[in-house]
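A.B. asks: What would the 3D arrangement of this be:
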Amino acid sequence: MMLDKWLQNPADVIAGINLYAEHGTDPILFYALQIDPNELLVQRMVTDLTSVLQAGNGKRTEPEAVKQAREQWRAKYKRCSHLHAQLRHLATDGERLQHAMEILSTMDEVEQLWDLIDTWEATGQLPKPAKSPEAVRTFEGWDQARLIKEKLLVASYISNQKKKISTGAKSAKQLQEWQAKLEHKLAEYETLKKLTA
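C.D. replies: Residues are numbered from 1 along each chain as shown. Below is the predicted model of the structure:
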């Protein structure tokens with residue numbers, strides 16, 4: 001049965017699920033349809049298959065980056081869940097702080113992966129890579145008030161980064177990353193100090 005013919009009369013849910021296995025874009029929806037094809041799920045399936053038909057009668061193949069993002073976010077999310085469950089059983093505040101900081105940084109990574117997946121699902125294209133935080137910033141055209149405000153923000157960041165380093169890192173690699181960020185911000189602070197003097 002062809003996709004366009006089935007969409008004209010989507011009464012045969014089993015045939016629709018078989019078509020969704022071939023043309024569908026959401027593996028979680030496909031799994032849910034196999035378990036319990038209720039009215040809401042069938043409507044989502046029809047909507048998804050309609051968009052696939054309008055996009056060109058074919059299944060989009062996920063780029064490798066999207067496949068890896070799907071695998072990574074699940075593993076990272078599971079890790080955060082495990083760390084969160086352990087928080088109340090840790091002996092010291094320092095250990096709890098380390099776990100909490102790891103949860104926060106890992107959830108930031110999960111959000112970036114979700115953004116990549118959402119962008120690909122919405123547009124069919126991968127998002128442009130974000131600028132590296134180590135990219136050199138220029139302050140040309142900034143007025144004095146904005147420079148002073150930025151200087152204070154960078155000073156606050158430096159203070160927080162020093163506290164973070166003093167509490168200790170989970171690994172030597174993480175400590176090196178924190179120190180590199182701190183050095184970058186210190187250089188930025190010196191530039192801002194000269195501009196606001």
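
A.B. asks: Just give me the neighbour total for Ala91.
C.D. replies: Ala91: 7 surrounding residues under other CB atoms under 10 Å. The C-beta positions use only the backbone N, C-alpha and C, and glycine is treated the same way.

A.B. asks: Using the three-state scheme, assign it.
C.D. replies: Counting by DSSP: H, G, I helix; E, B strand; the rest coil, the backbone at Ala91 sits in coil.

A.B. asks: per-domain residue ranges of this structure.
C.D. replies: 3-56, 64-123, 144-196 (automatic domain parsing).

A.B. asks: would you list these in a markdown table and tack on mean pLDDT?
C.D. replies: Listed next are the domains of the chain as a markdown table, based on pLDDT from 0 to 100:
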| stretch | mean pLDDT |
| --- | --- |
| domain 3-56 | 78 |
| domain 64-123 | 89 |
| domain 144-196 | 79 |
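
A.B. asks: tell me which element the residue nearest the centre of the chain is part of?
C.D. replies: For the chain, the residue nearest the mean C-alpha position is Gln112 (2.0 Å; CA atoms, centre = their mean). Using DSSP states H and E, Gln112 maps to helix 93-123.

A.B. asks: Going by contacts, tell me the helices and strands next to that helix.
C.D. replies: For helix 93-123, the elements it packs on are helix 64-86, helix 144-167, judged by 3 or more CB pairs under 8 Å, 6 or more residues apart in numbering; DSSP states H and E.

A.B. asks: Noted, bye for now.
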